[in-house]
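Trainee: After the sequence you'll find the predicted model.
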Amino acid sequence: MNGPLWRRPFRLVPNRVSYLLPGGEMIDEFLGLERGAAPGASQMWVASTVQSALPGAADSRSYILPADGGGCLAEELQKDPAAFLGKAHAAAFGADVGFLLKLLHSSQRLLVQAHPDRAKAEKYFHWPHGKTEAWYVLATEGEACIWAGFRPGVTREGFAALIERQDTAAILGCLHQFAIAPGDVIFIPAGLPHAMGANSLVAEIQEPTDITLRAEYIRPDGSRLPPESLHSGAGMEALLDCFDFSTAAPKEAVREKYFLTPARRPVPGGEETTLIGPDVTGCFGLARVCAAGPCPRENPSFRVLLVEKGKGELSGGGVTLPLKQGTEVFVPAGVEEYLLTPKEEELAVLECIPPPLKHRTAGRKAALYTSTAGALPAKTKEMR
């Protein structure tokens, strides 16, 4: 392909990331591979400029498909952030896209955890992003569930005692359990205690950081992580400060607050569903576009796309890219509009939307941190 990369949409290589927890078979299937094709790769990071904080982890940043130009996405963005991301975004955020999309599938329950908000990430980890996130359930196998929010009566002191004893059954029992199904959207703000069960494939959009505080270091299979994996060396006070005990509420109140109702509206050529809108958070946005015919899309800044189902094409910036389930596309700010065209069946695409300017970090600080391609300082590296 000819011309500068920022003038045209381009595809990314599927970026599988191995975690300590097993899983990934549902991601294999989503990508059209045999189950077990990528053992241990229980996550896929989409358009990632973030380096995994797992000690000794392989590069978790995304790479451009060789047929579309090749190279590391983070390094390309750093060459000309304004061209790729837009002048306003680059002035506020440097070469940082401001979010990260993941696919998650674990064959075990994830450990009970919470994440810092921006102020606490800065205070305890010297990092400019917190980790507010949201989940969109793509598929489930059999019974699937999550845990979220403290039950009434859970206190900081009582929870700290359970962590000290590593009473994992009691720790989990402090949270509400909810069944989940495909199409569910759950908002997980920084501080909300949560855990994800097995048997689900979830798209998670989050702030671009890799900081997790855990209440457990004994995994469901009985194996143990190092005790420092609880707080990454920041200490127990930091861990407890990052769990928001004000979320304690009855189950239905938690469901009403954090399980979202997507808003649908017709658009030319199909339908758009707002999964995460600006009324929910200023950290990111997520929409689902279903194209039943040629579906024109405006690109006011830049977009990261993931094909949820179907086949088709994306045209814009002088190129036409084939699409299938699992295809990742980066649409630079230099491409003002693009066209989604389905082939034979409806084409469903997830559109990741960057945070509005008023919520972004000051540009000089963002540029400082993004120069490390998302890697946390060595002293804060964590086990997952």
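Mentor: Now that the structure is in, tell me what you want to look at.
Trainee: from here on, contacts and neighbour counts on C-alpha atoms
Mentor: OK.
Trainee: who touches the longest helix that the chain contains?
Mentor: Using DSSP state H, we find that the single longest helix of the chain is helix 156-165. Helix 156-165 is contacted by residues 168, 170-171, 215-216, 240, 245 when judged by Cα atoms under 8 Å, 6 or more residues apart in numbering.
Trainee: Now do the contacts for residue 46.
Mentor: 14-15, 62, 100-103, 306, 328.
Trainee: Which positions are bridged to it in the beta structure?
Mentor: Beta-bridge pairing of residue 46 under DSSP bridges involves residue 101.
Trainee: any idea how far residue 63 is from it?
Mentor: 10 Å (Cα to Cα, to the nearest Å).
Trainee: With residue 27 instead?
Mentor: Relative to residue 63, residue 27 is positioned 18 Å away (criterion: Cα to Cα).
Trainee: more neighbours, these two?
Mentor: Using other Cα atoms under 10 Å as the criterion, residue 27 and residue 63 rank with residue 27 on top: 28 against 23.
Trainee: Just the pLDDT for that one.
Mentor: Residue 27 is assigned a predicted lDDT (pLDDT) of 97.
Trainee: The helix or strand hosting it - contacts with which helices or strands?
Mentor: Taking DSSP states H and E as the definition, residue 27 sits inside helix 25-30. With contacts taken as 3 or more Cα pairs under 8 Å, 6 or more residues apart in numbering; DSSP states H and E, helix 25-30 sits against strand 200-206.
Trainee: Give me the residues contacting the helix or strand following the strand it packs on.
Mentor: Downstream of strand 200-206, the first helix or strand assigned by DSSP H and E is strand 213-214. Contacts to strand 213-214, defined as Cα under 8 Å, 6+ apart, come from residues 111-116, 229-232, 239, 242.
Trainee: In helices, which of these fall?
Mentor: Counting by DSSP H, the contacts of strand 213-214 place 239, 242 in helices.
Trainee: The contacts of strand 213-214 into TSV, with extra columns for pLDDT and neighbour count?
Mentor: Listed next are these as TSV, based on pLDDT from 0 to 100; neighbours: other Cα atoms under 10 Å:
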residue	pLDDT	neighbour count
111	95	24
112	97	22
113	97	21
114	97	28
115	96	29
116	96	28
229	86	20
230	90	24
231	90	24
232	81	24
239	96	23
242	97	25
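Trainee: Closest one of the contacts of strand 213-214 to residue 69?
Mentor: residue 115 (35.8 Å; Cα to Cα).
Trainee: element containing residue 272?
Mentor: Using DSSP H and E, the element containing residue 272 is strand 270-276.
Trainee: Who does that strand pair with, and is each partner parallel or antiparallel?
Mentor: Looking at strand 270-276 with DSSP bridges, its partner strands are strand 263-267 (antiparallel), strand 285-291 (antiparallel).
Trainee: Now the helix holding residue 27: buried residues?
Mentor: 25-28, 30 (16 or more other Cα atoms under 10 Å).
Trainee: which among those gets closest to residue 8?
Mentor: Distances from residue 8 to the buried residues of helix 25-30, taken by Cα to Cα, are shortest for residue 30, at 26.2 Å.
Trainee: hang on, that closest one packs against residue 324?
Mentor: No: using Cα atoms under 8 Å, residue 30 is not in contact with residue 324; the gap is 10.3 Å.
Trainee: how about the CA coordinates for the helix holding residue 27, as CSV?
Mentor: Only the C-alpha atoms of helix 25-30 are listed here, as CSV (Å, rounded to 0.1, in the frame of the first residue of the first chain):
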residue,chain,number,x,y,z
GLU,A,25,-10.2,-21.4,23.9
MET,A,26,-13.3,-19.2,23.3
ILE,A,27,-11.0,-16.6,21.8
ASP,A,28,-9.5,-19.3,19.5
GLU,A,29,-13.0,-20.1,18.3
PHE,A,30,-13.9,-16.4,17.9
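Trainee: And for it, what's in contact with it?
Mentor: So helix 25-30 is contacted by 34-39, 42-44, 103-105, 200-201, 325-326 (Cα under 8 Å, 6+ apart).
Trainee: What strand or helix carries residue 95?
Mentor: Counting by DSSP H and E, there is no helix or strand that carries residue 95.
Trainee: in the stretch 51-200 of the chain, which spans are strands?
Mentor: For the stretch 51-200 of the chain, the strands defined by DSSP state E, counting those that start in this stretch occupy 100-104, 113-114, 133-140, 145-150, 175-179, 185-188, 194-196, 200-206.
Trainee: Would you mind giving those as a markdown table with distance to residue 275 added?
Mentor: Listed next are the strands of the stretch 51-200 of the chain as a markdown table, based on distance: least, Cα to Cα, whole Å:
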| stretch | distance to residue 275 |
| --- | --- |
| strand 100-104 | 14 |
| strand 113-114 | 22 |
| strand 133-140 | 8 |
| strand 145-150 | 18 |
| strand 175-179 | 19 |
| strand 185-188 | 7 |
| strand 194-196 | 19 |
| strand 200-206 | 11 |
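Trainee: Of all these, which one is nearest residue 286?
Mentor: Going by Cα to Cα, the one of the strands of the stretch 51-200 of the chain nearest residue 286 is strand 200-206, 7.7 Å.
Trainee: So which residues of the stretch 1-150 of the chain form helices?
Mentor: 25-30, 73-79, 81-85, 87-93, 118-125 (DSSP state H, counting those that start in this stretch).
Trainee: thought residue 345 was touching residue 324?
Mentor: No: between residue 345 and residue 324 there is no contact under Cα under 8 Å: 11.2 Å.
Trainee: list the residues that contact both of these two?
Mentor: By Cα under 8 Å, 6+ apart, residue 345 and residue 324 have these common neighbours: 310-311.
Trainee: Good, wrapping up.
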